[in-house]
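**Q** here is my input; please provide its structure:
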Amino acid sequence: MYGTELLVKEHDDILAATKAIRKICINILDTNEFNVNIFKTFNNFSKNYADSHHHGKEEKILFKYMLEELPEISSHLVTNGMLVEHDLGRMYMMNLKEAIESYELNPTTEAKMDIMNNSLTYAELLARHIDKENNILYPYAEKNLNSKTLDIINSETLSFENENQEQVKLLLEDLDSIIKFSLDK
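**A** Sure, this is the predicted structure:
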């Protein structure tokens, strides 16, 4: 199914960013070389690609139809699970933004720690979240939503992608920057 296949592909992109940021944090601990700009890039990618684009598509399309058509199970999986985790991710990204701003005003070790902590906590949350979506939620949706609903999800996903393709292209350039930075270390 196009809709969930695309979401899984986006998960691969998101995981690539989280693995790179983890490698960057390890390098900081090993070398004490700290570049706040890569965390700004990571925050921008996370906020605009992982959250606004990817989670936005899940919430506006897939989750909406799951809650309408499969309310009993979906309320547990979606409302009490995935949406709570989306909100937790948003909290970590807000905390990261605040830590970056604090570091830029006063570049202390504590501010560096807050930047790395929020980045790594977000990365861990997403790894677990993605595993649940890829292995439980998406297969459940594909198996249990009726074929007409699946066609609508595919169509709306394609429209969403077409409307956002230029922004996504720029955000994937941010991903490339994060990965390249992690490989240069």
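**Q** for the helix or strand containing V8, enumerate the helices and strands it packs against.
**A** According to DSSP states H and E, V8 maps onto helix 2-31. If you count contacts as 3 or more CB pairs under 8 Å, 6 or more residues apart in numbering; DSSP states H and E, helix 2-31 packs onto helix 36-45, helix 109-132, helix 138-144, helix 147-183. Backbone N, C-alpha and C define where each C-beta goes, glycine included.
**Q** which one of those helices is the most hemmed in?
**A** Across the helices and strands packed on helix 2-31, averaging neighbours per residue (mean count of other CB atoms under 10 Å) puts helix 36-45 on top, at a mean of 20.
**Q** give me the contacts around that one.
**A** In this structure, residues lying in contact with helix 36-45 by CB atoms under 8 Å, 6 or more residues apart in numbering are 17, 21, 24, 93, 96-97, 100, 103-104, 107, 115, 119, 171, 174-175, 177-178, 181.
**Q** now do 7 Å
**A** Helix 36-45 is contacted from outside by 17, 21, 24, 93, 96-97, 100, 103-104, 115, 119, 171, 174-175, 177-178, 181, using CB atoms under 7 Å, 6 or more residues apart in numbering.
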